[in-house]
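> fold the following and give me the result.
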Amino acid sequence: MVLVGRQGQRQVIVAADEAAQRQGLRPGMPATTARVLVPALIVQEHDAQADAETLDRIAVWMMQRYAPIVAADPPDGIVLDTSGADHLHGGEGVMLVSIVQRLAASGVRARAVVADTWGAAHAVARFGRRTTVVVSSGGAREAVEGLPIIALRLPADIVSGLRVLGFERISDLLAVPRAPLALRFGPELGRRMDQALGTLAEPIDPVRPEEIVSVRRAFAEPIGAPETITRYIGKLVVALCERLTERGLGAKRVDLLCHRVDNTVQAIRVGTALPVREAKRLGRLLTDKVETIEPGFGIECLSLAATLAEPLAERQAASSLVEESVPDISGLVDVLANQVGESRLYRMAPVASDVPERSVTRVAPMAPMAGATWPEHWPRPSRLLPRPEVIDAMALLPDHPPAWFSWRGVRHRVRHADGPERVFGEWWKGDMEMSAVRDYFQVENDAGERFWIFRAGDGEDAATGSHRWYLHGLFG
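Numbering: from 1, shown residues only. Take a look at the predicted model:
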């Protein structure tokens, strides 16, 4: 199947699926030629407006999830300024993998690149070979010089003219003087080269849907002092909370955009664990990051938006005479999460599973209790190893604890022991677990140290496990 659109008076292929590409069909090919080459070709009209609307929806989703400054990069891309936001997602590399995987889960195949400039990221994402790439700071030239000249986002007539002259790669353009090229092709060629290399700024006009609650403040004279920025943040936060109250919403993610006089934008993003519309709390989170703003020659406009908001009903304050007050740690969670990143702040919660390594999972710090509990009939160690470690051990009988064991090169004589606690495999996980068995023991050595060890198998039937011994946790 191919999508066909008009290019002047001709109908050309705009997009082709994998099967069509294997038949040699490519975007830009005349539709009549494609029909001759593939008689069974399915042809559909290209809806450019629907494509643009979908691209805008993806941009809004990325703005709410990843970065405050996001815009569509037609016809098939999204551009983000992740300065100051990537650490909230575990770093640039982790963030790129997350973007690609989340899009793939929605049926969208994508490649993602982080670079110093929009032009370099655009070129490497479309003409590079890897799914995710992090271009090192200052490495834009090295990253793009081996790519074809079409990667510079040049008009088709300029690309054709350059190819007639023998230019194929960006490195070919970088090796010749600019003046003759500018005289023949105009300023566009030099501008695109400078934008890719980072010598010319290229501002991003961020997407801002109408339904997002936002406030802004323009200044007759640009501001730049941290104290002045902090003062106006306080005023904007109060106005934003009033708007949120009118709509019955609470903010979970707030973006401050600082529009500078040089037509660039500085951004601050903060998030909260629960919906909030307390001006003092949001203001404190934002002002903690004021030092990251580079005002340059001045900021002419401040914009504050609740890019992610949820319903928040009014609630009467609890009375200590009527009910016991519950400590609210959400403020502490917000401060820590905005410093180290949301993904690095979590708590452990029980999962309904008898297999120890499956009985615990990471959840958000303020996630509600799911109702599952850990087993109480047998105590669990305070420290569970990431994975069971093989130990050498000797037991007198199959259902007895070992008389001694050796772990990490140290031999321990077992003085006291309790067990076994038999744990069966979860048959619904796979065929191998239908007969799997573990026998767990709590053992104590001569020094009073307590360990949680198990034997894989019931000690008799080889089908139930290898009968090797493992150490899985430490008590106290």
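> residue 445 contacts residue 411, correct?
No. Counting by C-beta atoms under 8 Å, residue 445 does not reach residue 411; the two are 9.4 Å apart. (Each C-beta comes from the backbone N, C-alpha and C, glycine too.)
> and these two? which has more neighbours close in?
It is residue 445, of residue 445 and residue 411, that has more neighbours when counted by other C-beta atoms under 10 Å, with 17 against 10.
> what's the burial count for the residue nearest to that one when sequence neighbours are not counted?
Closest residue to residue 445 in three dimensions, ignoring its sequence neighbours and counting by C-beta to C-beta, 6 or more residues apart in numbering: residue 412, at 4.2 Å. By other C-beta under 10 Å, 21 other residues sit near residue 412.
> helices or strands up against whichever strand or helix holds residue 412?
If you go by DSSP states H and E, residue 412 is part of strand 410-424. Strand 410-424 is packed against strand 402-407, strand 437-445, strand 450-456, with contacts defined by 3 or more C-beta pairs under 8 Å, 6 or more residues apart in numbering; DSSP states H and E.
> next secondary structure element downstream of the last one?
This means strand 450-456. Next along from strand 450-456, by DSSP H and E: strand 469-475.
> next, the angle strand 410-424 makes with that following strand.
100 degrees (axes from the mean of the first three to the mean of the last three C-alpha atoms, to 10 degrees).
> other residues contacting strand 469-475?
356-357, 379-385, 388-393, 402, 405, 407, 440, 442, 449-456 (C-beta atoms under 8 Å, 6 or more residues apart in numbering).
> mind giving me the ChimeraX command for buried ones among those residues?
The ChimeraX command for the buried members of those (criterion: 16 or more other C-beta atoms under 10 Å) is given here:
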select :356,380,381,384,388,391,393,402,405,407,440,442,450,451,452,453,454,455,456
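> list the buried residues in stretch 236-245.
Across stretch 236-245, burial judged by 16+ other C-beta under 10 Å covers 236-237, 240-241, 243-244.
> closest one to residue 282 out of those residues, please.
residue 237 (5.0 Å; C-beta to C-beta).
> how far does the top helix by length along the chain sit from its chain's centre?
The residue-count maximum for a helix in the chain (DSSP state H) belongs to helix 226-247. Offset of helix 226-247 from its chain centre (C-alpha atoms, centre = their mean, to the nearest Å): 28 Å.
> same question for stretch 19-36.
With C-alpha atoms, centre = their mean, you get 36 Å for stretch 19-36.
> using PDB, list the CA coordinates for that stretch.
Extracted in PDB, the C-alpha atoms of stretch 19-36 (Å, rounded to 0.1, in the frame of the first residue of the first chain):
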ATOM      1  CA  ALA A  19       5.900  -4.500   1.300                       C
ATOM      2  CA  ALA A  20       5.800  -1.700  -1.300                       C
ATOM      3  CA  GLN A  21       9.300  -0.700  -0.500                       C
ATOM      4  CA  ARG A  22      10.500  -4.200  -1.100                       C
ATOM      5  CA  GLN A  23       9.000  -3.900  -4.600                       C
ATOM      6  CA  GLY A  24      11.200  -0.800  -5.200                       C
ATOM      7  CA  LEU A  25       8.600   1.900  -4.600                       C
ATOM      8  CA  ARG A  26       9.800   5.000  -2.900                       C
ATOM      9  CA  PRO A  27       8.400   8.400  -1.800                       C
ATOM     10  CA  GLY A  28       8.600  10.900  -4.700                       C
ATOM     11  CA  MET A  29       8.000   8.300  -7.400                       C
ATOM     12  CA  PRO A  30       5.200   9.100  -9.800                       C
ATOM     13  CA  ALA A  31       2.000   7.100  -9.000                       C
ATOM     14  CA  THR A  32       1.600   6.000 -12.600                       C
ATOM     15  CA  THR A  33       5.100   4.400 -12.500                       C
ATOM     16  CA  ALA A  34       4.300   2.700  -9.200                       C
ATOM     17  CA  ARG A  35       1.000   1.200 -10.700                       C
ATOM     18  CA  VAL A  36       2.900  -0.200 -13.600                       C
END
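> mind checking the SS state of residue 374?
coil (DSSP: H, G, I helix; E, B strand; the rest coil).
> next SSE downstream of the longest helix of the chain?
Counting by DSSP H and E, what follows helix 226-247 is strand 249-260.
> what lines up beside that next one in the sheet?
Note on strand 249-260: by DSSP bridges, its sheet partners are strand 265-276 (antiparallel), strand 299-311 (antiparallel).
> with mean pLDDT, mean neighbour count and distance to residue 365 as extra columns, can I get those in CSV?
Below are those laid out as CSV (pLDDT from 0 to 100; neighbours: other C-beta atoms under 10 Å; distance: least, C-beta to C-beta, whole Å):
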stretch, mean pLDDT, mean neighbour count, distance to residue 365
strand 265-276, 90, 21, 6
strand 299-311, 93, 20, 17
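> which of these sits closest to residue 429?
strand 265-276 (32.4 Å).
> now that closest one against helix 226-247, angle please.
Using the same axes, to 10 degrees, strand 265-276 lies at 40 degrees relative to helix 226-247.
> which residues are in contact with the residue lying farthest from the centre of the chain?
Within the chain, the residue lying farthest from the chain centre (C-alpha atoms, centre = their mean) is residue 396, at 52.6 Å. Taking C-beta under 8 Å, 6+ apart as the contact definition, residue 396 lies against residue 403.
> oh, and call the first residue 10 from now on, that's how I've got it
All set: I'll call the first residue 10, so the last point we hit is now residue 405.
> which strand or helix spans residue 139?
Per DSSP H and E, there is no helix or strand for residue 139.
> make that residue 181, sorry
Going by DSSP H and E, residue 181 is part of helix 179-183.
> quick check: closest non-adjacent residue to residue 266.
Nearest one to residue 266, counting by C-beta to C-beta, 6+ apart, is residue 312 at 4.3 Å.
> looking at this, residue 292 is in a strand?
No. Judged by three-state DSSP, residue 292 forms no part of a strand; its state is helix.
> go ahead and confirm it touches residue 240.
No. Residue 292 lies out of contact with residue 240 (C-beta under 8 Å); the separation is 10.3 Å.
> so for those two, which residue has more residues nearby?
The residue with more neighbours, out of residue 292 and residue 240, is residue 292; 20 against 13, by other C-beta under 10 Å.
> from residue 261, how far out is residue 254?
15 Å (C-beta to C-beta, to the nearest Å).
> same check, this time on residue 241
23 Å.
> same thing with residue 54?
Residue 54 is 40 Å from residue 261, by C-beta to C-beta.
> and these two? Which one has more around it.
Comparing residue 54 with residue 261 by other C-beta under 10 Å, the one with more neighbours is residue 261, at 18 against 11.
> so who does the more buried one touch?
By C-beta under 8 Å, 6+ apart, the neighbours of residue 261 are 280-281, 283-285, 315, 317-319.
> all the helices of the stretch 60-209 of the chain, in order from the start?
For the stretch 60-209 of the chain, the helices defined by DSSP state H, counting those that start in this stretch cover 101-114, 127-136, 149-153, 165-173, 179-183, 187-194, 196-206.
> deepest in the core, which of those helices is it.
helix 127-136 (a mean of 22; mean count of other C-beta atoms under 10 Å).
> dump stretch 375-387 to CSV, keeping only the CA atoms.
Extracted in CSV, the C-alpha atoms of stretch 375-387 (Å, rounded to 0.1, in the frame of the first residue of the first chain):
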residue,chain,number,x,y,z
MET,A,375,2.7,8.4,46.8
ALA,A,376,1.0,5.4,45.1
PRO,A,377,-2.0,4.1,46.9
MET,A,378,-1.7,0.8,48.7
ALA,A,379,-2.7,-2.1,46.5
GLY,A,380,-3.9,-4.4,49.3
ALA,A,381,-1.3,-7.1,48.9
THR,A,382,0.8,-8.1,52.0
TRP,A,383,3.9,-10.1,52.6
PRO,A,384,3.5,-13.5,54.2
GLU,A,385,3.4,-13.3,58.0
HIS,A,386,3.8,-17.0,58.9
TRP,A,387,7.4,-17.0,57.9
